[in-house]
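In: following is a predicted model, sequence given first.
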Amino acid sequence: MIAIIDYGLGNVKAFANVYKRLNLPIVIAKEASALDAATKIILPGVGAFDYAMTLLDNSGMREKLEYCVLEQGVPVLGICVGMQILANSSEEGSLAGLGWITGKVRKFQSEQIHTNPLPHMGWNTVTPKATTTIFQDMQPTERFYFLHSYYFDCDQSSHTIATANYGADFTCSVNKNNIYGVQFHPEKSHQAGVQLLKNFGTL
């Protein structure tokens, strides 16, 4: 059962629709008990880092989510801000993140992106590392849809499993054990996004 965390952020219905078309069972989790049967967890997110952490803390699901991911080893996929809150902290806010993958979320600087505007919005090529499971059965230069001004700066380069370029290369996907994250929006990325969600859902 794939649990999609509904804590007030993210395109919950879009993920549910993708998995229904793939004939993979889902539950939309609005309370901790909905995570009891979870074998995979989607942690969506849009907007600001602190707002996401506040909503997650107030949802009543954080403790159970941490138990599932950190104690039971249930695979989790954080998406957009849902990925960013996997980090320790963010330049966007003052609250601590989940800290499941060590690193800091940083804002793109002009010397990195040159004349490119912020936010980084639209389609961009994603370059995965060769051994990355969630990118399997895809072309090596698939394009995904992005909308963000901040990126995940991993403390350990081994936690970066894919990069994109927006004036400079940046981490757009992370992984540590059962914990995955993508900065882009697979639910808006047509067939490539569906394949990535399928790969995660069938890990």
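Out: Yep, it's here.
In: so the residue nearest to Met53 when sequence neighbours are not counted, which of the three states?
Out: In space, and not counting its chain neighbours, Met53 is closest to Leu95: 4.6 Å by Cβ to Cβ, 6 or more residues apart in numbering. All C-beta spots, glycine's among them, are computed from the backbone N, C-alpha and C. Under the three-state scheme (DSSP: H, G, I helix; E, B strand; the rest coil), Leu95 adopts coil.
In: how about the contacts made by Leu95?
Out: Contact analysis of Leu95 by Cβ atoms under 8 Å, 6 or more residues apart in numbering lists Phe49, Asp50, Met53, Thr54, Ser89.
In: so which of these comes closest to Phe146?
Out: Phe49 (16.6 Å; Cβ to Cβ).
In: how near is that closest one to Asp153?
Out: Using Cβ to Cβ, to the nearest Å, Phe49 is found at 13 Å from Asp153.
In: shared neighbours of the two, anything?
Out: Common neighbours of Phe49 and Asp153 (Cβ under 8 Å, 6+ apart) are Val105.
In: those two: who's more crowded?
Out: A direct count of neighbours by other Cβ atoms under 10 Å for Phe49 and Asp153 places Phe49 higher, at 22 against 15.
In: now for the residue nearest to the more buried one when sequence neighbours are not counted: which residues touch it?
Out: Leaving aside its sequence neighbours, Phe49 sits nearest to Ser90 (Cβ to Cβ, 6+ apart; 3.9 Å). By Cβ under 8 Å, 6+ apart, the contact list for Ser90 reads Phe49, Asp50, Gln84, Gly97, Lys104, Val105, Arg106, Tyr150.
In: now do Gly78
Out: Gly78 neighbours (Cβ under 8 Å, 6+ apart): Leu43, Gly45, Gln84, Ile85, Leu86, Ile179, Tyr180, Gly181, Val182.
In: how many residues are close by the residue nearest to it when sequence neighbours are not counted?
Out: In space, and not counting its chain neighbours, Gly78 is closest to Gly181: 4.0 Å by Cβ to Cβ, 6+ apart. Residues lying near Gly181 (other Cβ under 10 Å) number 28.
In: would you verify that Gly181 is located in a helix?
Out: No. The assignment for Gly181, made by three-state DSSP, is strand rather than a helix.
In: thought it was touching Cys154?
Out: No. Using Cβ atoms under 8 Å, Gly181 is not in contact with Cys154, being 10.1 Å away.
In: relative to its centre, which residue of the protein is most distant?
Out: In the chain, Thr115 marks the outermost C-alpha relative to the chain mean, sitting 26.7 Å out by Cα atoms, centre = their mean.
In: just the element for it, please.
Out: Using DSSP states H and E, Thr115 falls within no helix or strand.
In: how far does stretch 41-49 sit from its chain's centre?
Out: Relative to the centre of its chain, stretch 41-49 is centred 7 Å away, using Cα atoms, centre = their mean, to the nearest Å.
In: whoops, stretch 13-22 was the one
Out: Taking the mean of its C-alpha atoms, stretch 13-22 sits 16 Å from the chain's own mean (Cα atoms, centre = their mean).
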